[in-house]
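Enquirer: Return atomic coordinates for the entry below.
(chains A and B)
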Amino acid sequence: MSGLTLGPLPGLVLSWRLDPLGAFFALVIVGVSLAVTIYALGYGRHWPGRPFLGPAYLVFVASMLGVVVAGDAYTFLLAWETMSLASFALVVTDHRQAAVRSAGWVYLVMTHAATALITGAFLLLWRATGSLSFAEWAAAAPRLDPVTASAVFLLGLVGFGTKAGMIPVHVWLPRAHPVAPSHVSALMSGVMIKLGIYGILRVAFEWTAPGPAWWGVLVLLLGAGSAVLGVLYALMQHDLKRLLAYHSVENIGIILLGAGAALLARSEGQSALAAIGLTAALFHVANHAVFKALLFMGAGAVDAATGTRDLEHLGGLVKRMPATAALFLVGSAAISGLPPLNGFASEWLTFQALLVTGRGAPALWLALPPLVGGALLALTGALALACFVKAFGVGFLGLARSARAAEARETGRAELAGMAILAAACVALGLGAAPVVSALGPATAALAGSAMPAGGAVLHAQPAGVIAAGSLALPWLAVAVVALALAVPALARLAAGPVRTRVVETWACGVVPQPLNEYTSTAFAKPIRLMFRDLVRPVRDVDVIHRLGTRFVARIEYRSGVAPVFERYLYRALTDRLVATARLLRQIQNGSLQAYLAYLCAALVALLVLAR
Amino acid sequence: MIEAGALAAAQLALLIAIAPGVNGLIKTLKARLQGRRGPHPLQPYRELWKLLRKDTVVSARASWVTRAAPLVYAGAIATAALLVPALWIPAPLGGWGDALALVGLFALARFALALAGLDQGSAFGGMGSSREVAVAALAEPALVLALFAVALRTGGTDLSATAATLAALGPAAITPGQLLALAAVAIVIAAETGRVPVDNPDTHLELTMIHEGMLLEYAGRPLGILVWATLLKQTVLFALLIAAFFPWGIAATGGGVPRAAAAFGAKLLCLAIGVALAESSQAKLRIFKVPELMGAAFLLALLAVVTDLVLA
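Expert: Residues are numbered from 1 along each chain as shown, chains lettered A, B, ... in the order given. All right, here's what the predicted structure looks like:
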């Protein structure tokens, strides 16, 4: 709204501004960072001597805020690069481990490739408008020629989509998030990747006029693909933090489904419908930030207490770490999209956005993507539920599968306080869904030209004046569920009198149950692994090792995993080309002094000719 | 306000009361179709009464999740029972939640029960949970797409408005798209209620059970609550099918409740006969054949959507 300029270098000015969209993202950044910082105060004690809240952390949080209040391209890129570098430094906190360094490199390379694409989009906009100011880009958007607009959109979508973790440019995310310290994972997964969404929304809704319909269809396809593949890959993981990282890919997909529906409706000139999709996308941005940060902090608490993040070595923590378990359960229910928590509210809005966009579409090929997207969102939700039944059920319930898990101690007060703030936010954002949607009005009005009507405590999915809408009043549904759940035992007691409870051992066909008898994380996901094997491409490897020269089996090794499809078919081809080009160029550097002197001479002559 | 509360209590009491009877009817019909005498249709009531009076046995390994799960399960399904219009329009809590909220409440119930299956450290519970969530993941997309197909015709996901629109249309409500969506939802309901060909409600054979596996460690009163809630879920799904596809005869605000009750009872009887026929005429599928069945349901729902869009 108001511009503020600061100059770090003569001739270069930084420009800042705060508009409704930036303010919304700033609120998410500040709110989640606050809870995560409280958590980190205690969490850092498990690793003394390491700067858990050191300069890199502070610069990281500040640069994220810088990204959303930047008023021109120069300031934006400066903040964006600072954010990327600070987060890289945080990812490689444990840089003595080779796996951490390798994950850090993949992240660094991909984030810079993304910045190159974003810079390309900015340069195109600069050429078209002659300005670097975001406000002037927005003003000039209607005059942008369609080809430039589409080029800007595609560059922005892939560039910002890389930061967001959209499939197929997601491969850095499941590597970098698990190896970072958990409070950093919480911020990166919860907040930083959302700034990719921020960029996509700016590019697609503000700096370009309503584009052709294929923009919306493309975003819907990418969203549905990210959502379904993200959750399927998550189900195949046993490392709790890697599992959560893949769920970020999934949730970015859900956000893109809402944004894609909004783009499609906008290209058809239906701003009232676009407002629903955009509201759904923004609402899910906030919700995912809250529950994903909560879950990563929970995973960090488990890691600190047991020394492992492998679900196959956890179990029984609900008794050893009751508060952490309860808070992790709230996050699990929220991310699984269960009423009355926040995940359900924004997924419900996304469903409605997809439905009304499909119904309002002028042609069959434009109606099917949102409607089928709705079905794939349902698939995603049901698979996410399966994954969190696995994560919580195997990680926290049943018998402990390792000695460390059996002796785990409850985490500290600061950690619990940080998690409790976000767990409370999960409940508040769910019960308060209708006021939240009203509060998102200015941001959606600025982008889509229309806002969802405020409806008191009840969320109405349709613009005013349309009959037979869907409506949702989560506070009252919550009251009904709780009241009826409490009424059930009371009524049973009233009707049939009191009964006694006897405590005995679990039935395990006559033996004392052992952790080995339990369903493992691998076994739990097996039906889904087999049912969706054409999509996830599971691989398994069984080695039977015989004792030398005999038929006796010494050891059987079993390894299972998922074929790295994107790495093998997409990135391999790219890196192979890159290496081949580098080899070609290497011939210039042949080690001969005379040749180098000749280069120098040629360069000098060329410069003299040019500068004459 | 008081009147609305009374209507809600009346609908809930009605659905809870008839839920075991509907199942008893299906069992008796099935037995007759298979040449057996079968149990008395009121047998489920006797069994529930026995379970509710019995002392309970809890595993020493269980946490509070095992104790809370039956209550959350029952609470969520009972709330869902208030979102569907059964005898009259609007549904008691119709303004508070739509068809998608119903799907969400069933998901909440499933989440609670699947966690309870993993809580006692028994392999059977884990097996049941694992299969339950996998089958549900296949069923849910088809269900949502079929609900979208209905919503394309009736305007939205509000079940009361859907039933009112279709009831007002009369026989004109039957369209190709509606029939395709009906077939899809019928297949999904077979999966959601744990019926042949997805699960067998009559078996306790460890290698085949899905729903029963999760309940294995429950006994006495909590088991009774879970069984009754599961029967209620079946009746609610039948009521959903009736409201979204053939709501004719449903009472508008005011009068006609006796007529609506007769119509509702007749439709439930037809559904019971249909279930008995389906369960007697086909075998249970291997679990890894279930995706093909659910894929068929998904395709039917997709065809329903396309038909609706093309014919609209």
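Enquirer: State the phi and psi torsions of A:Ala272.
Expert: Backbone dihedrals for A:Ala272, given as degrees, to the nearest 10, come out at phi -70, psi -40.
Enquirer: Next, work out how far apart it and chain B are.
Expert: 15 Å (C-beta to the nearest C-beta, to the nearest Å). Heads up, the C-betas are built off the backbone N, CA and C, glycines and all.
Enquirer: wait, isn't that residue in contact with A:Ser450?
Expert: Yes: with the criterion set as C-beta atoms under 8 Å, A:Ala272 and A:Ser450 qualify as a contacting pair; they are 5.0 Å apart.
Enquirer: what sits against residue 41?
Expert: Went with chain A since none was named. Taking C-beta atoms under 8 Å, 6 or more residues apart in numbering or on different chains as the criterion, A:Leu41 is in contact with A:Leu53, A:Ala414.
Enquirer: wrong one, I was asking about chain B
Expert: Residues in contact with B:Pro41, defined by C-beta under 8 Å, 6+ apart, are B:Gly21, B:Gly24, B:Leu25, B:Lys27, B:Thr28.
Enquirer: so after the worst-scoring helix or strand of chain A on mean pLDDT, what's the next helix or strand?
Expert: Confidence across the helices and strands of chain A bottoms out at strand A:4-9, with a mean of 55, counting by mean pLDDT, DSSP states H and E. Next along the chain after strand A:4-9, taking DSSP states H and E as the criterion, comes strand A:12-16.
Enquirer: Which elements pack onto that next one?
Expert: Of the remaining helices and strands, those touching strand A:12-16 by 3 or more C-beta pairs under 8 Å, 6 or more residues apart in numbering or on different chains; DSSP states H and E are strand A:4-9, helix A:73-91.
Enquirer: Checking A:Cys426 next. Helix, strand or coil?
Expert: Following DSSP: H, G, I helix; E, B strand; the rest coil, A:Cys426 is assigned to helix.
Enquirer: Count the residues that sit near the residue in chain A that chain B sits nearest to.
Expert: In chain A, no residue comes nearer to chain B than A:Tyr519, which is 2.4 Å away by C-beta to the nearest C-beta. Per other C-beta atoms under 10 Å in any protein chain shown, the neighbour tally for A:Tyr519 reads 24.
Enquirer: likewise the one 3 residues further on?
Expert: The local packing of A:Thr522 (other C-beta under 10 Å) involves 17 other residues.
Enquirer: A:Glu312 now?
Expert: Under the criterion other C-beta under 10 Å, the count of neighbours that A:Glu312 has is 18.
Enquirer: just checking, it touches A:Gly398?
Expert: No: because the distance of 11.9 Å does not satisfy C-beta under 8 Å, A:Glu312 is recorded as not touching A:Gly398.
Enquirer: Need the per-residue pLDDT for A:Leu610.
Expert: Here, the pLDDT recorded for A:Leu610 equals 92.
Enquirer: Give me the distance between the two termini of stretch A:501-517.
Expert: 25 Å (C-alpha to C-alpha, to the nearest Å).
Enquirer: distance between that stretch and the chain's centre?
Expert: Per C-alpha atoms, centre = their mean, to the nearest Å, the displacement of stretch A:501-517 from the mean C-alpha position of its chain is 40 Å.
Enquirer: For B:Met209, pull up the helix or strand it's in.
Expert: Element membership for B:Met209, per DSSP H and E: none, as it lies in no helix or strand.
Enquirer: circling back to that earlier point, is the residue of chain A closest to chain B in a helix, a strand, or coil?
Expert: The three-state label given to A:Tyr519 by three-state DSSP is coil.
Enquirer: So for it, what's the nearest residue that isn't a sequence neighbour?
Expert: Distances taken as C-beta to C-beta, 6 or more residues apart in numbering or on different chains put B:Gly126 closest to A:Tyr519, at 2.4 Å, once the chain neighbours are dropped.
Enquirer: Distance from the helix or strand harbouring that neighbour to the middle of the chain?
Expert: B:Gly126 belongs to helix B:123-154 when elements are defined using DSSP H and E. Mean C-alpha position of helix B:123-154 versus that of the full chain (C-alpha atoms, centre = their mean) differs by 12 Å.
Enquirer: what's the neighbour count on the residue in the stretch 151-300 of chain B positioned nearest to chain A?
Expert: When distances are taken as C-beta to the nearest C-beta, the stretch 151-300 of chain B reaches nearest to chain A at B:Gly155, 3.2 Å away. By other C-beta under 10 Å, the residues close to B:Gly155 number 19.
Enquirer: ok, now A:Gly381?
Expert: There are 30 residues near A:Gly381, going by other C-beta under 10 Å.
Enquirer: so it makes contact with A:Glu347?
Expert: Yes: with the criterion set as C-beta under 8 Å, A:Gly381 and A:Glu347 qualify as a contacting pair; they are 6.1 Å apart.
Enquirer: Touching both of the two, which residues are there?
Expert: The overlap between the contact sets of A:Gly381 and A:Glu347 (C-beta under 8 Å, 6+ apart) consists of A:Gly337.
Enquirer: Show the contacting residues for the residue nearest to A:Tyr519.
Expert: For B:Gly126, the contacting residues are A:Gly393, A:Gly398, A:Glu518, A:Tyr519, A:Ala523, A:Phe524, B:Gly117, B:Leu118, taking C-beta under 8 Å, 6+ apart as the criterion.
Enquirer: Next one: it from A:Leu385, what distance?
Expert: Here B:Gly126 is placed at a distance of 16 Å from A:Leu385 (C-beta to C-beta, to the nearest Å).
Enquirer: just the strands in chain A please.
Expert: For chain A, the strands defined by DSSP state E occupy A:4-9, A:12-16, A:459-460, A:471-472, A:501-504, A:538-546, A:553-562.
Enquirer: Export those strands to JSON lines and append columns for mean neighbour count and distance to A:Ala423.
Expert: Formatted as JSON lines, the entries for the strands of chain A read as follows, by neighbours: other C-beta atoms under 10 Å in any protein chain shown; distance: least, C-beta to C-beta, whole Å:
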{"stretch": "strand A:4-9", "mean neighbour count": "10", "distance to A:Ala423": "36"}
{"stretch": "strand A:12-16", "mean neighbour count": "17", "distance to A:Ala423": "33"}
{"stretch": "strand A:459-460", "mean neighbour count": "24", "distance to A:Ala423": "22"}
{"stretch": "strand A:471-472", "mean neighbour count": "26", "distance to A:Ala423": "22"}
{"stretch": "strand A:501-504", "mean neighbour count": "11", "distance to A:Ala423": "30"}
{"stretch": "strand A:538-546", "mean neighbour count": "11", "distance to A:Ala423": "34"}
{"stretch": "strand A:553-562", "mean neighbour count": "11", "distance to A:Ala423": "31"}
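Enquirer: is it possible to export the ones you listed to CSV including distance to B:Gly95?
Expert: Rendered in CSV, the data for the strands of chain A read as follows (distance: least, C-beta to C-beta, whole Å):
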stretch, distance to B:Gly95
strand A:4-9, 47
strand A:12-16, 45
strand A:459-460, 10
strand A:471-472, 6
strand A:501-504, 40
strand A:538-546, 46
strand A:553-562, 45
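Enquirer: These: lowest mean pLDDT?
Expert: In terms of mean pLDDT, the lowest-scoring of those is strand A:4-9 (a mean of 55).
Enquirer: What residues does residue 31 make contact with?
Expert: You didn't pick a chain, so chain A it is. A:Ala289, A:Val290, A:Ala425.
Enquirer: My question was about chain B, not that one.
Expert: B:Arg37, B:Gly38, B:Pro39.
Enquirer: wait, which of those is closest to A:Leu494?
Expert: Nearest to A:Leu494 among those is B:Pro39, at 27.9 Å by C-beta to C-beta.
Enquirer: Surely the closest one is in a helix?
Expert: No: checked against three-state DSSP, B:Pro39 lies outside a helix; its state is coil.
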